[in-house]
Every structure is written in structure tokens, then in C-alpha cells.
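1. Provided below are the primary sequence and the corresponding predicted coordinates.
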Amino acid sequence: MLAEMFKLLILILALCPSAIDSSFQYFNMVEQWPGGYCQFHRCRRVPWPNDFTIHGLWPANHTGTVENCKKTGFAPIQDENKFKQLDSIWPDLDQPRPEYDTVGSRVLAQSFWGHEWKKHGTCSENMYNQTQYFDLAIKLKNRYNLLSILEQGGLSRGHSHEVVLYPLLLPPDPGGVA
Ligand SMILES: *[C@@H]1O[C@H](CO)[C@@H](O)[C@H](O)[C@H]1NC(C)=O
Ligand SMILES: *[C@@H]1O[C@H](CO)[C@@H](O)[C@H](O)[C@H]1NC(C)=O
């Protein structure tokens, strides 16, 4: 099943030239297949999205991912439109679907984003502040539709495929994405 195979897929985005002075050289855009993820976790998000969702946008260099760089806290996202966009493409599958109007639910829904920001996002903060970091993730997710890329390559849902995974290297600043 595609669900099993694509538990986690990584798109590697080369953003080298402008990041020369920092310890990160590119981003791993990490997406997960909810059907696969939820086989191993007790997902409370029902129904699960039937598309890849973001796990994180991870700054990395050739040594590996660069983590826990600064102590800059996460500022909960106030903008309703931004919240809803992120909730649809970067949901916390372990939590029930949040109601934006309920403060408790809105805060709980953001703990996953907060975790990803503190562990990963702060390592690219010299180039992308929190707002820019999440905006970049939204742009990349919308620009590169992983499901349709795989389907165009002959990998379809509900079938078994033998695959070799290798990074998809994208050019720096693809069409002004950053
Ligand atoms: C890559 O990241 C590691 C861990 O943060 C850091 O120690 C190392 O200096 C970085 N390498 C380069 C070439 O920037
Ligand atoms: C991020 O940077 C942009 C552009 O410099 C700025 O307008 C915005 O206020 C900054 N946001 C935060 C949260 O620092």
C-alpha cells in the first residue's frame, strides 16, 4: 500500500547560495501520508486528510538536520486565514480538528507548529522569521503537489509499488518561492 510506503517523504529544497554564512544550507520539506502515520499513532483527527500533509520544514546541511538553535519562542498564530490554511496542510493528526473560535482548541492545535518552530524553524531564523518560515512552508506545499508528482510518475493510491527514494533537488529560489 502506498500508505505504508510513504509514511514520510522528504523533498529537499536547495537554497544554498544565500545561506552561506549560516550552518544550514538547504531545507528538507518533510511530508507525511496520514493513512500511514495513523497506522502507528492514535490519530484523533477524523477523517484523516487524503493527501500528504506537512510534518515540518527542516533546515539542514550536509552533516544532517540542524536543530534547536535558539530559544526564540513560538508566537501563536493570530491571523484566522493563516491559521486555517496551516491547519489544512499542516494539521496535528494526533489532535481533533480544532475549532478556530475556541481559544483552548486553537492553542492546542498550535502546539505541533510551536514544536516544529522551536526545534527546526529557529535554525533558519537568520533568513526567515516565524511569519516568513510558515509562509514559506505554505508556498512550498502549494507549489509542489507531492501526490500529483507521484501520480504522474505512475504511483497511485491503493497499489503496491517498489520504489527507490532519492531526494528531489529543486533549484534555489524556484520562481521566487522564497
Ligand atoms: C552543519 O550543522 C552542524 C550542526 O549544527 C554544525 O556543527 C556544522 O558546523 C554545520 N556545517 C556547516 C558546513 O555549516
Ligand atoms: C518578519 O520579517 C518581516 C520582513 O522583514 C517583517 O515585516 C515582519 O514584521 C517580521 N515578523 C516577525 C514576527 O518578526
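-> Structure's in. What do you need? Ligands and ions are numbered 1, 2, ... in the order given.
2. okay, CA-based contacts and neighbour counts for the rest of this
-> Noted.
3. Sheet partners, orientation included, of the longest strand anywhere in the chain?
-> In the chain, assigned by DSSP state E, the strand with the most residues is strand 53-61. In the sheet, strand 53-61 lines up against strand 26-32 (antiparallel), strand 64-65 (antiparallel) (DSSP bridges).
4. Need the contact partners of the last one.
-> The reference is to strand 64-65. The contact list for strand 64-65 (C-alpha atoms under 8 Å, 6 or more residues apart in numbering) reads 58-59.
5. now the angle from the helix or strand following that strand to strand 26-32?
-> Later in the chain than strand 64-65, the nearest helix or strand by DSSP states H and E is helix 80-89. Interaxial angle, helix 80-89 versus strand 26-32 (axes from the mean of the first three to the mean of the last three C-alpha atoms, to 10 degrees): 70 degrees.
6. What's the mean pLDDT across helix 80-89?
-> In this model, helix 80-89 carries a mean pLDDT of 93.
7. ok, and what's touching whatever helix or strand comes next after that helix?
-> Proceeding N to C from helix 80-89, the next assigned helix or strand is helix 103-109, under DSSP H and E. Contacts to helix 103-109, defined as C-alpha under 8 Å, 6+ apart, come from residues 76, 87, 91-92, 95, 97-100.
8. Next, the buried residues of helix 103-109.
-> Using 16 or more other C-alpha atoms under 10 Å as the test for burial, helix 103-109 gives 106, 109.
9. quick one: that helix to chain centroid distance?
-> Relative to its parent chain, helix 103-109 has a centroid offset of 20 Å by C-alpha atoms, centre = their mean, to the nearest Å.
10. Using PDB, write out every CA atom in the very next helix or strand once past it.
-> Remark: after helix 103-109, the chain's next helix or strand is helix 111-119, criterion DSSP H and E. What follows is helix 111-119, C-alpha atoms only, in PDB (Å, rounded to 0.1, in the frame of the first residue of the first chain):
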ATOM      1  CA  SER A 111       1.500  23.000  19.800                       C
ATOM      2  CA  PHE A 112       2.700  21.000  16.900                       C
ATOM      3  CA  TRP A 113       3.700  24.100  15.000                       C
ATOM      4  CA  GLY A 114       5.300  25.500  18.100                       C
ATOM      5  CA  HIS A 115       7.300  22.300  18.500                       C
ATOM      6  CA  GLU A 116       8.500  22.400  14.900                       C
ATOM      7  CA  TRP A 117       9.300  26.100  15.100                       C
ATOM      8  CA  LYS A 118      11.400  25.700  18.200                       C
ATOM      9  CA  LYS A 119      13.200  22.500  17.100                       C
END
